[in-house]
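Trainee: coordinates only, no sequence provided:
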């Protein structure tokens, strides 16, 4: 890669894609290709192929996907399967057909079995049943991984795949119906502080454990992998530490200055009991995360306040 390389960031308006664009800009890359949905519908195969044929991006970050929390995944499995399969197939095939030098496909830690040994290593993929509350999304991501590996094996393409843990940060989704747990907690705390409420409802028992990585750390890892990793075998991207949902809720409350009570709604699902990634592979390559959780929560809250104006 050099600073004049043509780099396409698919999904640049999302949390992950926008962080990758910020990282590339900070590094001084000058030919970053982005398209809004109105400019390029990634569900439209012909439009995607026309874009790749015209622009010929040398490098591609595939961060485009339909995403959501437990509710969204449970209510719309058809859309999560069809849209994500279509988007990734269109982008990966066009990259292969029109000369892309290297592509990074972003998966998710939900590709791993629900009861995978902890911390979860890359070789746990396809060794057991998935978590049912997001299996449609996970299956689409697994298909994307396998497609990249197939292109590497059959055609020698340098298509790699990174598996991020739970992410948060600027441009996150704070909609309580479709968001993940950390942005949902941030919004609930904010609304409680604003309204003077003394309680906050938290889904489930509070016992599941999750790992959280700031999206700017993920973007740094993505650029690192594009520069330093050439294997079709997947690589985990995380921080190497997890926290219970109860501890997370307490941390958000303390960090944002809310001293009310937490009420756990045990009628709601917990999801996977624990999900911590083994990040020894990426550590051995020379990458480590930098942003502590409390600092990241404050950064996310600051973005939420700015976006709410």
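Mentor: Right, received. Where do you want to start? The shown structure was predicted, so the numbers you read here are calculated from the model rather than taken from an experiment.
Trainee: next, count neighbours for residue 226.
Mentor: 24 (other C-beta atoms under 10 Å). No exception for glycine: its C-beta is placed from N, CA and C like everyone else's.
Trainee: longest strand of the protein, counting residues only.
Mentor: Counting residues, the longest strand found in the chain (DSSP state E) is strand 158-164.
Trainee: ok, then the element right after that one?
Mentor: strand 166-168 (DSSP states H and E).
Trainee: helices or strands up against that next one?
Mentor: Judged by 3 or more C-beta pairs under 8 Å, 6 or more residues apart in numbering; DSSP states H and E, the packing partners of strand 166-168 are helix 181-195, strand 212-214, helix 215-228, helix 293-307.
Trainee: export those as CSV, with columns for distance to residue 51 and mean pLDDT.
Mentor: Converted to CSV, those look like this (distance: least, C-beta to C-beta, whole Å; pLDDT from 0 to 100):
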stretch, distance to residue 51, mean pLDDT
helix 181-195, 31, 95
strand 212-214, 30, 98
helix 215-228, 20, 98
helix 293-307, 29, 96
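Trainee: list the buried residues in stretch 186-197.
Mentor: For stretch 186-197, a neighbour-count test (16 or more other C-beta atoms under 10 Å) marks 186-190, 192-193 as buried.
Trainee: what does stretch 240-250 give?
Mentor: Residues of stretch 240-250 classed as buried: 240, 242-243, 245-246, 248-250 (neighbour count, 16+ other C-beta under 10 Å).
Trainee: endpoints of it, how far apart?
Mentor: 20 Å (C-alpha to C-alpha, to the nearest Å).
Trainee: likewise for stretch 279-297?
Mentor: Note: stretch 279-297 ends 22 Å apart using C-alpha to C-alpha.
Trainee: ok, residues contacting it?
Mentor: For stretch 279-297, the external contacting residues (C-beta atoms under 8 Å, 6 or more residues apart in numbering) are 119, 121-122, 168-169, 182, 186, 212-214, 216-217, 220-221, 224-225, 228-229, 235-240, 243, 251-252, 255-256, 299.
Trainee: run the last query once more with 7 Å
Mentor: 122, 168-169, 186, 212-214, 216-217, 221, 224, 228-229, 235-240, 251-252, 255 (C-beta atoms under 7 Å, 6 or more residues apart in numbering).
Trainee: would you mind listing which of those are buried?
Mentor: Here, 16+ other C-beta under 10 Å leaves 122, 168-169, 186, 212-214, 216-217, 221, 224, 229, 235-240, 251-252, 255 buried among the contacts of stretch 279-297.
Trainee: mean confidence for stretch 141-161?
Mentor: For stretch 141-161, mean pLDDT is 98.
Trainee: run the chain-centre distance for that stretch.
Mentor: Mean-position distance between stretch 141-161 and its chain equals 19 Å (C-alpha atoms, centre = their mean, to the nearest Å).
Trainee: ok, residues contacting it?
Mentor: With C-beta under 7 Å, 6+ apart as the criterion, stretch 141-161 contacts 85, 88-89, 92, 96, 101-105, 107-108, 111, 225, 229-232, 234.
Trainee: in PyMOL, how would I select just the buried ones from these?
Mentor: Selection of the buried residues among the contacts of stretch 141-161 in PyMOL, burial being defined by 16+ other C-beta under 10 Å:
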select buried, resi 85+88+89+92+96+102+103+104+105+107+108+111+225+229+232+234
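Trainee: helices of the chain, start to end?
Mentor: In the chain, the segments counted as helices under DSSP state H are 15-27, 45-55, 70-75, 77-97, 135-155, 181-195, 215-228, 245-256, 280-285, 293-307.
Trainee: orientation of the fourth one relative to strand 158-164 in degrees?
Mentor: In other words, helix 77-97. 150 degrees (axes from the mean of the first three to the mean of the last three C-alpha atoms, to 10 degrees).
Trainee: buried residues in helix 77-97?
Mentor: 77, 80-81, 83-96.
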